[in-house]
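>>> Could you look at this predicted model? Sequence included:
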Amino acid sequence: MAGLQRGFSVLSLAASHSHPTLTATQTRSFPFAAVAIASQIRGNAGTKKKKLSAVVLRNEVKVASKRKGKHYKLKNHRGALTRWLIKSPSYKRGPVFKRAQAGTSHLNRKNRSWKTRSKRRRVEANAQQTKLLRRLIPYHRKKYMR
């Protein structure tokens, strides 16, 4: 905006745009008056013009922060991620966690072939395990986790 460039003083801005509620002495005493005048000159069409006072001006100049509190970054449990496979969530039950069965890594010589084949299949987590895994893996909903 041209009025807020360097070289323009508060007094000259107030004098060039005759504002009905602010006089030259008021603009000298309050430094944020130029910002308030500039925002009203910009034109808030269709809105009621507020009577400018020190309290109202402070509220208009101050920008509220977007984040009220800090959120700390959550971490996925690495042991749970290595042991469990996350499948895409069904809308009724939530995510599906699957794991391998125990006893497949070694000592399979005595097992029958159908038994070793059946141990290759993955087993789904029950409700209690799913509740625990949701807490251990907070980012289980993300696409990169599938």
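Sure, I can see it.
>>> Doesn't residue 123 belong to a strand?
Yes. Counting by DSSP: H, G, I helix; E, B strand; the rest coil, residue 123 is part of a strand.
>>> Compute the distance between it and residue 137, please.
In this view, residue 123 and residue 137 are 17 Å apart by C-beta to C-beta, to the nearest Å. Backbone N, C-alpha and C define where each C-beta goes, glycine included.
>>> okay, these two: which has more neighbours?
residue 137 (22 against 12; other C-beta atoms under 10 Å).
>>> tell me the pLDDT at the closest residue to that one other than its chain neighbours?
Nearest non-adjacent residue to residue 137, counting by C-beta to C-beta, 6 or more residues apart in numbering: residue 76, 4.9 Å away. The model reports residue 76 with a pLDDT of 93.
>>> Return the alpha-carbon coordinates of stretch 131-144 using CSV.
The C-alpha coordinates for stretch 131-144 follow below in CSV (Å, rounded to 0.1, in the frame of the first residue of the first chain):
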residue,chain,number,x,y,z
LYS,A,131,-6.1,-51.4,20.8
LEU,A,132,-2.5,-51.7,22.1
LEU,A,133,-1.0,-51.4,18.6
ARG,A,134,-3.0,-48.3,17.8
ARG,A,135,-1.3,-46.7,20.8
LEU,A,136,2.2,-48.0,20.0
ILE,A,137,1.9,-47.0,16.3
PRO,A,138,0.2,-43.5,16.4
TYR,A,139,0.8,-42.9,12.6
HIS,A,140,-0.8,-46.2,11.5
ARG,A,141,-3.4,-44.3,9.5
LYS,A,142,-0.8,-42.8,7.2
LYS,A,143,-0.4,-44.2,3.7
TYR,A,144,3.4,-44.6,4.0
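>>> Thank you, goodbye.
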